[in-house]
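Trainee: I would like to see how this sequence folds:
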Amino acid sequence: LASMIATALQESAFPASALTLEITESVVMRDVRRNVEHLHALREIGVNISIDDFGTGYSSLVYLKRLPVTTLKIDREFVDGLGQDPHDSAIVAAVIALARALELNVVAEGVETPRQLAELRRLGCGAAQGFLFSRPVPAEEAGRWVLAGRAPEPADEPTQTPTRGVRTDR
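Mentor: Now for the predicted structure:
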């Protein structure tokens with residue numbers, strides 16, 4: 001996998017440091033030893049690794065310290081109640097603090113309301129993704145946004161699939 005990705009990065013002249021691969025917590029835990037080897041090989045070529053759905057399945061802090069990840073993604077299940085449920089705010093704050101202590105990036109997924117975004121900013125979350133920023137778009141359209149250097153228009157109606165990440169600290 002790492003070799004294939006390294007070749008694709010070289011052929012496209014895309015910097016490895018600009019690529020983040022997401023792997024769900026449940027997939028990592030299916031075959032921890034083999035997946036850790038693959039993740040280390042990807043990190044060696046400079047690719048960033050994000051754990052998606054962190055805290056919703058097999059979470060173990062022992063595994064978190066072994067995995068060569070660069071980012072934790074806060075599941076939408078916890079983001080949904082931000083600004084309304086103090087327990088959700090406490091869990092999100094704890095994941096943000098954990099990420100900081102481990103020198104990891106953190107991204108909140110499933111952000112659909114300005115209230116959720118405001119609470120994420122208050123808690124110090126550096127990036128977010130969700131329908132507040134954009135609905136899902138085809139790869140060609142996303143590519144045009146990147147090349148044009150502009151962000152998509154906010155979505156009209158929220159649905160269930162998270163989208164691209166947006167920094168919250170700007």
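
Trainee: Not counting sequence-adjacent ones, nearest residue to V106?
Mentor: For V106, ignoring the flanking residues on the chain, the nearest one in space by C-beta to C-beta, 6 or more residues apart in numbering is A99 at 4.0 Å. Heads up, the C-betas are built off the backbone N, CA and C, glycines and all.

Trainee: Flag every buried residue along stretch 35-45.
Mentor: Buried residues in stretch 35-45, defined by neighbour count with 16 or more other C-beta atoms under 10 Å: 35, 38-39, 41-43.

Trainee: which intervals of this structure have sub-threshold pLDDT?
Mentor: Under the criterion pLDDT under 70, the flagged ranges of the chain are 55-60, 62, 150-170.

Trainee: Do you have the strands of it handy? List them.
Mentor: With DSSP state E applied, the chain shows strands at 20-24, 48-54, 71-74, 105-108, 127-129, 165-167, listed in chain order.

Trainee: strand partners of the first one, parallel vs antiparallel please.
Mentor: Spelled out, that is strand 20-24. The strands that strand 20-24 pairs with in its sheet are strand 48-54 (parallel) (by DSSP bridges).

Trainee: What is the nearest of the buried residues of stretch 35-45 to L82?
Mentor: The closest of those to L82 turns out to be L39 (C-beta to C-beta; 29.5 Å).
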